[in-house]
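Colleague: here is the input, now give the coordinates:
(2 chains)
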Amino acid sequence: AQSVTQLGSHVSVSEGALVLLRCNYSSSVPPYLFWYVQYPNQGLQLLLKYTTGATLVKGINGFEAEFKKSETSFHLTKPSAHMSDAAEYFCAVSSNDYKLSFGAGTTVTVRA
Amino acid sequence: GAGVSQSPSNKVTEKGKDVELRCDPISGHTALYWYRQRLGQGLEFLIYFQGNSAPDKSGLPSDRFSAERTGESVSTLTIQRTQQEDSAVYLCASSLDRLQRYEQFFGPGTRLTVL
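Modeller: Purely as a prediction, here's the structure:
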């Protein structure tokens, strides 16, 4: 069985401030981990993914995430928020090769 | 090229009616997935197609839900005798292959409202 918990359904940050979105997972086998972003009225877009190898993963738009096995976490960060980062973000885990389990999502708002 | 497309974008129906939702995957993608996104919740896996293999239907919530895929192209998700709890956004995704090194590309979804 696999599942994802995203801490905080809403996050508000000031433009230029650090963005930190928390994700914890459970998986019976080494997981594949993903972050997706959904902009208003658009489909989900892959931000980044961890499969094997380096635990610090860099994605698009300046985002990165670190896989910490001991903490079963895969938190998403961006050093400096931009207005265009306002969106909903989903963490997902896969323990096999195709079925994704998603968290409930975190909505990010960016204050000018 | 074109991304994953879904139709209709919005569907309002009365309780008890049947609905069909369509997904056109990216050309050449052998894997196709359907998910459901209820308000305030994450995506729930519904069904997965891979080439000519038997689909994984383990996520379908009841026998009112069914899906078909023609070869490696269009897929249709059918909900019979709709109920109010079926109201959700239904998302389709496709990928080159089943392996997770191949990204799942999502369509914009169909928002279903059952009155």
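Colleague: from here on, just use CA atoms for contacts and neighbour counts.
Modeller: Noted.
Colleague: tell me which parts of chain A are close to chain B?
Modeller: By the rule Cα under 8 Å from any Cα of the partner chain, the part of chain A lying against chain B is A:32, A:41-46, A:51, A:90, A:97-105.
Colleague: show the buried residues in these.
Modeller: Applying a neighbour-count criterion of 16 or more other Cα atoms under 10 Å in any protein chain shown, the buried members of those are A:32, A:43-46, A:51, A:90, A:98-105.
Colleague: lowest-confidence one in the residues you listed?
Modeller: Looking at pLDDT alone, these dip lowest at A:Y98, where the score is 74.
Colleague: does that one count as helix, strand or coil?
Modeller: Taken by DSSP: H, G, I helix; E, B strand; the rest coil, the conformation at A:Y98 corresponds to coil.
Colleague: distance of it from A:V110?
Modeller: The spacing between A:Y98 and A:V110, counted by Cα to Cα, to the nearest Å, is 33 Å.
Colleague: same question, B:V12
Modeller: Applying Cα to Cα, one obtains 33 Å for the distance of B:V12 from A:V110.
Colleague: higher neighbour count, those two?
Modeller: Counting neighbours by other Cα atoms under 10 Å in any protein chain shown for B:V12 and for A:V110 shows that A:V110 has the greater number, 19 against 12.
Colleague: so that one touches A:S14, yeah?
Modeller: Yes - between A:V110 and A:S14 a contact is recorded at 5.5 Å, counting by Cα atoms under 8 Å.
Colleague: hey, what's in contact with both of these two?
Modeller: With contacts defined as Cα atoms under 8 Å, 6 or more residues apart in numbering or on different chains, the residues shared by A:V110 and A:S14 are A:A81.
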